[in-house]
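*Asks:* Build the 3D model from these lines:
(chains A, B, C and D)
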There are 2 protein chains.
Amino acid sequence: MLNNESQTQNLRLLPALKSLASPVRLAVLDYLKNPVGNFPPQVDGDPVIDGICADFLRDKLGIAAATASRHLTLLVDCGLLIATRKKGWTFYRRDEDAIAQFADLLKTTL
Amino acid sequence: MLNNESQTQNLRLLPALKSLASPVRLAVLDYLKNPVGNFPPQVDGDPVIDGICADFLRDKLGIAAATASRHLTLLVDCGLLIATRKKGWTFYRRDEDAIAQFADLLKTTL
DNA sequence: TCGTTATTTAGCATAATTGCGAAATACTAG
DNA sequence: CTAGTATTTCGCAATTATGCTAAATAACGA
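*Replies:* All right, here's what the predicted structure looks like:
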């Protein structure tokens, strides 16, 4: 039976697990742990409160803007990142609560 | 810089994360949490000590034996499952220590 | 409004993953 | 040794993921 309760529980983990199964996206989460130390000063958004703009992340990752955008969208869609749009830029920061919740759920249900 | 220390730490998580990013493999780990309750009695291997043979897992998953074998090999290669070969069968069981270690490492480094 | 810049979407190419059946292998039992 | 069974490997097809460039969109500033 594929639809028992604990299996359903496990499937809740799947979107975040799929997002984390990528060196690029792991790097994004890592960089954003220390937004002030890892990125140049920002004018229009606070690195801690708002996050880091997509362009800085793209530069750090060394990939095309379109590709970076897709990676960031995936992380937002699974709930691990929060996007804040302000003055034409999109800032991304970690959702520490969601990340901790995910890690806890993984620990207890895996 | 892509090769800083915490990034290297994160990449250690990658093989297990890739293995977990699959509904089939999540189901395998789930089934093996209760080997006695989830599978028929086994003659040649103890369900708890040795694990469950590939054929029972294949049957439970409802996929071809070749496909099941590959999924199981992936889980063994990343260290989450232990394979025991005995009397012509291969038995698979969870490596609870490795699973717990992985979950702890994820909790602290993610 | 117009031009510039940041970001996303679209379209495409390539690589990786996942599925299968068939064949090869490993091992048991007789 | 031989026959039979469990498992894995091989070869292939379909799907998904990831990268790019170019075009579309959004938003600011002059």
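*Asks:* Show me what the lengthiest helix in chain A is packed against.
*Replies:* Secondary structure of chain A per DSSP state H: the longest helix is helix A:5-20. With contacts taken as 3 or more CB pairs under 8 Å, 6 or more residues apart in numbering or on different chains; DSSP states H and E, helix A:5-20 sits against helix A:23-31, helix A:65-77, helix A:96-109, helix B:5-20, helix B:23-31. Any C-beta I mention is one placed from the backbone N, CA and C, and that applies to glycine too.
*Asks:* From DNA strand D, how far off is the nearest residue to A:Q9 once chain neighbours are set aside?
*Replies:* Sequence neighbours aside, A:T109 is the residue nearest to A:Q9 in space, at 5.0 Å (criterion: CB to CB, 6 or more residues apart in numbering or on different chains). Separation of A:T109 from DNA strand D (CB to the nearest atom of the strand, to the nearest Å): 21 Å.
*Asks:* Up against chain B, what does chain A have?
*Replies:* Residues of chain A lying near chain B by CB under 8 Å from any CB of the partner chain: A:2, A:6-7, A:10-11, A:13-14, A:17-18, A:20-21, A:23, A:26-27, A:29-30, A:33, A:62, A:99-100, A:102-104, A:106-107, A:110.
*Asks:* Kindly give a single PyMOL line that selects the buried subset of those.
*Replies:* Command for PyMOL that selects the buried part of these, burial taken from 16 or more other CB atoms under 10 Å in any protein chain shown:
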select buried, chain A and resi 10+11+13+17+18+20+21+26+27+29+30+99+102+103+106+110
